[in-house]
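Engineer: no sequence on hand, only this structure:
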């Protein structure tokens, strides 16, 4: 609908989506730390193909520092090296 995967933590228009995204981000964070997690590498790869933003705060900061302002550039995942 919006052309990007930057779902905010609180998204009143679709609370179920907001909760689902929050769970994916949390599970990825655990996985990246080597802690027990329910997320699979296959799911991570699929989400990356969709340009899912695992850490929107860090992604926004990096893009802002690099002078990027387009939504497309800001939606690219910063976790390519995690796999």
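Structural biologist: In hand now; what should we look at? Because the structure is a prediction, the values reported are computed rather than measured.
Engineer: now do the host helix or strand of residue 32: everything it contacts.
Structural biologist: Using DSSP states H and E, residue 32 maps to helix 15-33. Residues from elsewhere that reach helix 15-33 (Cβ atoms under 8 Å, 6 or more residues apart in numbering): 7-11, 36-39, 43-44, 47, 52, 54-55, 79, 82. No exception for glycine: its C-beta is placed from N, CA and C like everyone else's.
Engineer: do that again at 7 Å, thanks
Structural biologist: 7, 9, 10, 11, 36, 37, 38, 39, 44, 47, 54, 82 (Cβ atoms under 7 Å, 6 or more residues apart in numbering).
Engineer: and residue 54, backbone torsions?
Structural biologist: Main-chain torsions, residue 54, degrees, to the nearest 10: phi -80, psi -30.
Engineer: ok, it to residue 12 distance?
Structural biologist: 22 Å (Cβ to Cβ, to the nearest Å).
Engineer: separation between residue 5 and residue 25?
Structural biologist: Counting by Cβ to Cβ, the gap from residue 5 to residue 25 is 11 Å.
Engineer: test my guess that residue 6 contacts residue 55.
Structural biologist: No. Applying Cβ atoms under 7 Å as the test, residue 6 and residue 55 come out as separate, 11.0 Å apart.
Engineer: sec struct for residue 42, please.
Structural biologist: helix (DSSP: H, G, I helix; E, B strand; the rest coil).
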